[in-house]
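**Student:** Just to be clear, the model below is a prediction. Sequence and coordinates:
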Amino acid sequence: MHEFSVADAVLERALETAADHGTAIIEELTIELGTATHVNPDQLTFCLETIADGTPAADATVTIDPVEPHARCDCGWDGEPPTLDVSGAVAPNLRCPDCGERLELVRGKECRLSSITVPDADSSAGNGDDPMRIDETGD
């Protein structure tokens, strides 16, 4: 199950981002997850919730934004690739439906922390109860 190692990397990035912004609590983790990665979203969520115990992300909500595959071909074809069912696993067919050449998968293989939500210490009410979203650049 590679979801655990993915969860570990995502949590590490989230904790680094929170520390960089001087916050001790993470309320939400938002992850872009390409469907072509074959990472199971439910297992990833479970792993994140498990390893976050005892960290600033212990009570964080995990939101997974699925990213569907998109491919391009040198012949000019551009779109969602057809799928193959191989032994019950559905995967993008990386052969161009127009010319038969290999497609370049340009979207759908990402797995990245896109943002974290933390309490906003500078909220207008001054009580820190309003959340603040910190977008990740992936740097």
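**Tutor:** Okay, I see it.

**Student:** Output the longest helix belonging to the chain.
**Tutor:** Secondary structure of the chain read by DSSP state H shows that its longest helix is helix 3-20.

**Student:** Beyond that one, next helix or strand please.
**Tutor:** From helix 3-20 onward toward the C-terminus, using DSSP states H and E, the following helix or strand is strand 28-34.

**Student:** List the buried residues of the helix or strand following that next one.
**Tutor:** Downstream of strand 28-34, the next assigned helix or strand under DSSP H and E is helix 41-51. Residues of helix 41-51 classed as buried by neighbour count (16 or more other C-beta atoms under 10 Å): 41, 44, 45, 46, 47, 48, 49, 51. Any C-beta I mention is one placed from the backbone N, CA and C, and that applies to glycine too.

**Student:** what's the answer for stretch 98-115, then?
**Tutor:** Counting neighbours by 16+ other C-beta under 10 Å, one finds that the buried residues in stretch 98-115 are 103, 105, 107, 108, 109, 111, 112, 113, 114, 115.

**Student:** Determine how far the last residue of it lies from the first.
**Tutor:** Using C-alpha to C-alpha, to the nearest Å, the span of stretch 98-115 from its first residue to its last is 38 Å.
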